[in-house]
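In: What would the 3D arrangement of this be:
(chains A, B, C and D)
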There are 2 protein chains.
Amino acid sequence: MANRKEVAKLAGVSEATVSRVLNGIGPMKESTRDRVLEAAKRLNYELNAVASSFARGKSGNLGVVLPYVPKVHLFSTYYYSELLSGIGEAVRSKGYGLLLLFRDPASVYDYISLYRTQRVDACIVLGASAVPSEMVGINQLAEERLPFCVMDQRFDNPLVSIVAADHEQGSYEAVKHIINKGYRKIGFLNGSPQYSNSQDRLLGYRRALQEVGIQLDESIRYEGNYSRTSGTQAASTVYRDLNKLDAIFVGNDRMAIGLMQGLRGLGCSLPDDLKVVAYDDSDAASLAEPPLTTVKVPFFEMGRLAAEKLLSQLTDKDSEVSVINEKLQTELIVRKSSGN
Amino acid sequence: MANRKEVAKLAGVSEATVSRVLNGIGPMKESTRDRVLEAAKRLNYELNAVASSFARGKSGNLGVVLPYVPKVHLFSTYYYSELLSGIGEAVRSKGYGLLLLFRDPASVYDYISLYRTQRVDACIVLGASAVPSEMVGINQLAEERLPFCVMDQRFDNPLVSIVAADHEQGSYEAVKHIINKGYRKIGFLNGSPQYSNSQDRLLGYRRALQEVGIQLDESIRYEGNYSRTSGTQAASTVYRDLNKLDAIFVGNDRMAIGLMQGLRGLGCSLPDDLKVVAYDDSDAASLAEPPLTTVKVPFFEMGRLAAEKLLSQLTDKDSEVSVINEKLQTELIVRKSSGN
DNA sequence: TGCCATAATGTACACGCGTACATTATTTGA
DNA sequence: TCAAATAATGTACGCGTGTACATTATGGCA
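Out: Alright, predicted model coming up:
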């Protein structure tokens, strides 16, 4: 494998000139540039990324940290796939690498070590929640003022950078959609409360109801954990309460699908017996029977935005290292599950 | 950020000794080790991964290359999620990093540059197919004898390392299952032919039929592209041929779901009017209506195996760098879509 | 006690690149 | 035409680690 010295010799210039040509730095004669590039091509030479990183003191990598427990699908794969694609898009266009890191959600993850060992220049945290062990790690990161960004999860700490979707508004619109169809008895199957977006959905649900003077009814609030199974489990309770329900708003598509399967198993006809509005607009939403009316979340865009903001802070010397705080809008996708 | 020199000074030893303690190399006094570790802890010192990589001449990264076209879901996310999890498991347990790389399937990807620039020590190629531009890149890789592995795609070149599933046998068993239920008129909706696993499924389908003397009928062979949409599009043709069909074997779950939705839209009752057996056992399989009888593929295991084999070749000096060729078995999961 | 094998540690340098600073070539302006 | 500005290139060193080799300490054995 050729190195800089050999290229310099072949081109008849110094190593510094080779370096400058390859990095496009400073003014230089066209003929010199050509000679160097020609020599590099002939020797099959490319910059050694590791050596380059070493000299620069930067890894050139953006870390993406995601929760992982063997054999457990913690995440709806749609969600992660879209986020990763968005991040990948930004990372590539900025010439960075994307280092994937798996963490155990049950123990405190040492984010700072990633920077100390220089494995990453910045990182994005996916699937964070408000359980104490996770918060500790995030807060350490924030206090060190390291460049990072949490995806779709609020934190009290004002030093925590966040890119999220407006789930309060998204939920408001979803419930509003049901109300506008003339239904008043609207239940809510929410997901795990340790995610801030669960709380936000509740806020939106409440606002929509209160706005039109519908009394909040705690007895038609149900809780699952965003898994399909938990939706299925909720089915019996929901079935029992069917006389109290015209419709139900569900925290994500997977639970909604589980719920609908469970209800159908109990003899329900959907959407006749119960209107359903779900959340995410994952691939499964249009596969469901009936197809789900659901809130579309711009996961791809969120990933891209977070990565771009972070990498810009690293690249531009003028852009101050400031806290990122973005909230993207959602969109209601109307299908059959909410009635005609 | 502390470096080795400071640790050495604080511990009262040479830098080499610090290095040996941290890498666990050579014999050394317990007391020395303790002093060094103590000093490192006090100074908050950790090995600089970039510098270490540089000195070793290895990046310490396993590259995972996957196809990506903006706004297009090339892949069933279940497939990639499982593979990545499996790879991540192996990578972490071996202390490597996982570098995610996106390629444009339409142009020749320069895999060799990844090694030349030392961004990766080895790589795994996901979503490869037999289209010319992709084959060129893979073959270059093979000819350079670089450590890599292609996932779930056959290549004629005997130098190409592969970890795959036995789709010929999986398809055989799927079709056999239908035959054993007493059906004889069995169609086949296959996926894109540039994937070797499509060809393998066809082989298995044929073998099962021929074994029991069922005449192959070309007129009930359909082709989609593994997308749900393509399954839906096939519905009208299948519907037209319904008198020629007892059952249909479908190349993956997504197409099967699309097909079933299309057929239902045309007034079919499933599984009464047509038995369906699909492939992958993705999350959607059990969500479908009716739930899909489908062939389960050990994606997680495949990812883990590929990564482990590759990294072992890098680590063990004795293990010869040999071509990997593994074929894992599938399992038929029986649900409602194939009848009772 | 003296010698040798082995343990334990130190010395010194390479790895490939980025870049501050020094130097030389070229252009500009009066 | 000549100094000054600027372009273009070269020199030299640092970045933090791994490791070959040299050196010193230790223990075993006759």
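In: now residue A:287: how far from residue B:306?
Out: To residue B:306, residue A:287 is 30 Å away according to C-beta to C-beta, to the nearest Å. Yep, even glycine has a C-beta here, placed from its N, CA and C like the rest.
In: what about the two, which has more around it?
Out: Neighbours were counted for residue A:287 and for residue B:306 using other C-beta atoms under 10 Å in any protein chain shown; residue B:306 has more, 31 against 22.
In: Thought residue B:123 was touching the more buried one, still the case?
Out: No - counting by C-beta atoms under 8 Å, residue B:123 is not a contact partner of residue B:306; they are 10.2 Å apart.
In: Quick check, pLDDT for residue A:77.
Out: pLDDT for residue A:77: 66.
In: And the strands in chain A?
Out: A:61-67, A:97-103, A:122-125, A:148-151, A:162-165, A:186-190, A:221-223, A:247-250, A:275-280, A:293-296, A:325-328, A:331-333 (DSSP state E).
In: Let me have these in a markdown table, adding mean neighbour count, distance to chain B and mean pLDDT as columns.
Out: Below are the strands of chain A laid out as a markdown table (neighbours: other C-beta atoms under 10 Å in any protein chain shown; distance: least, C-beta to the nearest C-beta, whole Å; pLDDT from 0 to 100):
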| stretch | mean neighbour count | distance to chain B | mean pLDDT |
| --- | --- | --- | --- |
| strand A:61-67 | 24 | 8 | 94 |
| strand A:97-103 | 22 | 4 | 93 |
| strand A:122-125 | 26 | 12 | 97 |
| strand A:148-151 | 26 | 16 | 97 |
| strand A:162-165 | 23 | 18 | 97 |
| strand A:186-190 | 24 | 17 | 98 |
| strand A:221-223 | 17 | 20 | 97 |
| strand A:247-250 | 28 | 14 | 98 |
| strand A:275-280 | 28 | 13 | 97 |
| strand A:293-296 | 26 | 14 | 98 |
| strand A:325-328 | 15 | 17 | 97 |
| strand A:331-333 | 16 | 16 | 98 |
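In: Output the ones you listed in a markdown table, with distance to DNA strand C appended to each entry.
Out: Shown next, in a markdown table, are the strands of chain A (distance: least, C-beta to the nearest atom of the strand, whole Å):
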| stretch | distance to DNA strand C |
| --- | --- |
| strand A:61-67 | 15 |
| strand A:97-103 | 15 |
| strand A:122-125 | 18 |
| strand A:148-151 | 23 |
| strand A:162-165 | 29 |
| strand A:186-190 | 50 |
| strand A:221-223 | 53 |
| strand A:247-250 | 52 |
| strand A:275-280 | 42 |
| strand A:293-296 | 42 |
| strand A:325-328 | 30 |
| strand A:331-333 | 43 |
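In: Select, out of those strands, the one closest to residue A:213.
Out: Closest to residue A:213 of the strands of chain A, according to C-beta to C-beta: strand A:186-190, at 13.1 Å.
In: other SSEs contacting the lowest-mean-pLDDT helix or strand in chain A?
Out: In chain A, the helix or strand scored least confidently by mean pLDDT, DSSP states H and E is helix A:283-287, which has a mean of 83. Applying 3 or more C-beta pairs under 8 Å, 6 or more residues apart in numbering or on different chains; DSSP states H and E, we find helix A:283-287 packed against helix A:253-265, helix B:228-240, helix B:283-287.
In: Could you look over the ones you listed and pick the most buried one?
Out: Mean neighbour count (mean count of other C-beta atoms under 10 Å in any protein chain shown) peaks for helix A:253-265 among those, with a mean of 25.
In: Apart from its chain neighbours, what residue comes closest to residue A:144?
Out: Spatial nearest neighbour of residue A:144, excluding adjacent residues (C-beta to C-beta, 6 or more residues apart in numbering or on different chains): residue A:112 at 5.9 Å.
In: wait, residue A:38
Out: residue A:11 (7.3 Å).
In: contacting residues for the one you found?
Out: Residue A:11 makes contacts with A:17-18, A:32, A:35-36, A:38-40, as judged by C-beta atoms under 8 Å, 6 or more residues apart in numbering or on different chains.
In: Neighbour-wise, give me the winner out of those residues.
Out: Busiest of the contacts of residue A:11 [other C-beta under 10 Å] is residue A:18, holding 27 neighbours.
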